[in-house]
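In: Sequence first, predicted coordinates after that:
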Amino acid sequence: MAINVNTVYQTVLLILNKEQRGYMTPVEFNKIGTQVQLEIFEKYFEDLNQQIRIPQTNTDYADRVVNLDEKISIFKTIGNTTYANGSFSLPAESGSSQATFTTITPVAPNAVPQAYTITTITANQLASGTTTVFLDGIATTAYSINGTVITFNAAPANSVDIFIVTVQDDFYRLGTVIYSTGALPTHELERVDRGELYHLLSSKLTAPSTTYPIYVYERQKLFVYPQTIQTGVQATYIRKPTDPVWNFTLSGNAYVYNPDTSINFELHDAEQTEIVLKVLLYAGVVVKDPTIIQVAAQQIQQEQQNQKS
């Protein structure tokens, strides 16, 4: 499930135009869209905590919890941890996530520029992720990045392929920690705090074993006991949503949507109206009737369908 980033952007532009509230550039939309998606995502957990406090005596409660869990489940994944210096590092990214990348080919015959604007990776992704730059397949560190502009220490040669890849640290919240001695997960580790750990280690009856391992979670690291366990630890976790990107090519002064390099919103389909409302709110437009959003989105989707046919 995903919410089409072009449908959201065109809906926003349509309403801004009707309200005579100006224009929102793709760069502005990408920044606001990223913030809005993260706000909605984080509110899932606030709402879930509130629902858990409600007595479980009615079907409405169950429905609300199931709906929230369904929305959160999109971001549930499992990853491998890495052991070093007595602790395990958390998974950096899910096994199914894709790195964001862009390719630039200088074409100027004589004067090749040293600075390029990166369009398929957002400033937030570049700032929070790990970026590697390749010139014709060879990694280089002779560059600097400011926002979405990459500047090389020396101008690359004509027609060299500049390949930029950013891998996100998408860890958000820890779930279950599993210890596996074979092909299948065999033991779930019990989480304890540092105070409990000292009491457990002080007695042979309660000391952890490879059959009943435990862990302490501190400073975003896993301290696993018994300490003989140094491999085979995995963690389920909630990952962060990937930043939405409405990417484009320029035709004269016009922005032309590029679906191949754009990234859709990862939230549940039911959030489309909420996303549009919040983006408009950042633009200073308050829409009191949500049906206006739905009608506008349907109009945009119909226009997109007509263009395809």
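Out: All right, it came through fine.

In: So what's the residue count around residue 229?
Out: Residue 229 has 20 neighbouring residues, counting by other Cβ atoms under 10 Å. Just so you know, the C-beta spots here come from the backbone N, C-alpha and C atoms, and that holds for glycine as well.

In: From residue 213, how far out is it?
Out: Applying Cβ to Cβ, to the nearest Å, the value for residue 229 to residue 213 is 6 Å.

In: Residue 66 too?
Out: Residue 66 is 32 Å from residue 213, by Cβ to Cβ.

In: the more surrounded of these two?
Out: Using other Cβ under 10 Å, the more surrounded residue of residue 66 and residue 213 is residue 213, with 20 against 10.

In: May I have the strands that pair with the strand ranked longest in the chain, each with its orientation?
Out: In the chain, assigned by DSSP state E, the strand with the most residues is strand 171-179. Here strand 171-179 is paired, per DSSP bridges, with strand 187-188 (antiparallel), strand 233-239 (antiparallel).

In: What residues of it count as buried?
Out: If you call a residue buried by 16 or more other Cβ atoms under 10 Å, then strand 171-179 has these buried ones: 171, 174, 177, 178, 179.

In: now stretch 46-57
Out: 47, 51.

In: Find the nearest non-adjacent residue to residue 218, please.
Out: residue 194 (7.2 Å; Cβ to Cβ, 6 or more residues apart in numbering).

In: Check the gap between the one you found and residue 142 for me.
Out: From residue 194 to residue 142 the distance is 45 Å (Cβ to Cβ).

In: Show the pLDDT at residue 155.
Out: For residue 155, the pLDDT comes out at 81.

In: Tell me the secondary structure of residue 224, please.
Out: The three-state label for residue 224, taken from DSSP: H, G, I helix; E, B strand; the rest coil, comes out as strand.

In: And for residue 40?
Out: helix.

In: Name all residues that make contact with it.
Out: Taking Cβ atoms under 8 Å, 6 or more residues apart in numbering as the criterion, residue 40 is in contact with 267, 271, 274, 275, 278.

In: Ok, residue 23 next?
Out: 13, 16.

In: so whatever helix or strand residue 32 lives in versus strand 171-179, what angle?
Out: Following DSSP states H and E, the helix or strand that holds residue 32 is helix 26-53. Our comparison of helix 26-53 with strand 171-179, counting by axes from the mean of the first three to the mean of the last three Cα atoms, to 10 degrees, yields an angle of 50 degrees.

In: next SSE after the lowest-mean-pLDDT helix or strand in the chain?
Out: Every helix and strand in the chain was compared by mean pLDDT, DSSP states H and E; the lowest is strand 100-104, with a mean of 55. Per DSSP H and E, the first helix or strand lying C-terminal to strand 100-104 is strand 115-117.

In: Could you list the buried residues of that following strand?
Out: Buried-residue list, strand 115-117, by 16+ other Cβ under 10 Å: residue 116.

In: Please apply the same query to stretch 142-158.
Out: Per 16+ other Cβ under 10 Å, stretch 142-158 contains these buried residues: 143, 145, 148, 150, 152, 156.

In: Verify the stated contact: residue 234 with residue 177.
Out: Yes. Counting by Cβ atoms under 8 Å, residue 234 does reach residue 177; the two are 7.4 Å apart.

In: Where does the prediction get shaky in the stretch 1-150 of the chain?
Out: 1, 55-62, 92-112 (pLDDT under 70).

In: ranges for the strands of the stretch 151-300 of the chain?
Out: 162-167, 171-179, 187-188, 190-191, 214-218, 221-225, 233-239, 248-251, 254-257 (DSSP state E, counting those that start in this stretch).
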